[in-house]
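J.: please work out how this folds:
(chains A, B and C)
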Amino acid sequence: MPRSDEAEAFYHAVYSAIQEIPRGKVTTYGHIAALIGTPDRPRQVGICLKHLPNDPDAEFNGETVPWQRVINSKGGISPRSNHPAGAQTQANALREEGIPVEANEMGELRVDLAKYGWFPTQLPSEAGDGEEEGENGGEGRE
DNA sequence: CCGATGACAACGC
DNA sequence: CGCGTTGCCATCG
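T.: You can find the predicted model right below:
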């Protein structure tokens, strides 16, 4: 649990932003950070998910927050330090949502950001020309 | 209280 | 264009 109220607000913003991710789509930590107004703190976003409460009574938990839809900018699922198998769990959850996850030779679970990437807001960086990650090339439905 | 680490990302070479 | 290093801030020891 957060030690500061400010941190709690940050966590709340992160969880809230993640809940906005439609099913069958994924986004990056950096984008979440940008959405909540702190594009310079993508790492803290990951920490928030790490601290995601398991209590079913909590407003934010693994059931209400689709943490599985949050991946890194490389379009892959990085192994956690504490629970290495957690990446597999995330990949499995994404597959159930209709998102194909394939592991390359390096064992890195990769997701097609170009197809399943969810980038709704026009960030100042990508507003002009600065495009990153990938764009919704096909844009399907939800 | 101070130092090290981390579910990341961007810049430099 | 791929690999290495730095920055960010909360949490752990």
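J.: quick one: is the helix of greatest length in chain A near DNA strand B?
T.: Ordering each helix of chain A by length in residues (DSSP state H) puts helix A:5-19 first. No: on the criterion C-beta under 7 Å from any atom of the strand, helix A:5-19 is out of touch with DNA strand B, staying 10.6 Å away. Yep, even glycine has a C-beta here, placed from its N, CA and C like the rest.
J.: tell me the helices and strands packed up against the helix or strand following that helix.
T.: Counting by DSSP states H and E, the element after helix A:5-19 in chain order, helix or strand, is strand A:27-28. With contacts defined as 3 or more C-beta pairs under 8 Å, 6 or more residues apart in numbering; DSSP states H and E, strand A:27-28 has these neighbours: strand A:70-71.
J.: and the helix or strand just after the strand it packs on, which strands flank it?
T.: Downstream of strand A:70-71, the first helix or strand assigned by DSSP H and E is strand A:76-77. The pairing partners recorded for strand A:76-77 under DSSP bridges are strand A:109-111 (antiparallel).
J.: please compute how far the partner strand lies from its chain's middle.
T.: Distance, stretch centre to chain centre, for strand A:109-111: 13 Å (C-alpha atoms, centre = their mean, to the nearest Å).
J.: same question for stretch A:51-65.
T.: With C-alpha atoms, centre = their mean, you get 16 Å for stretch A:51-65.
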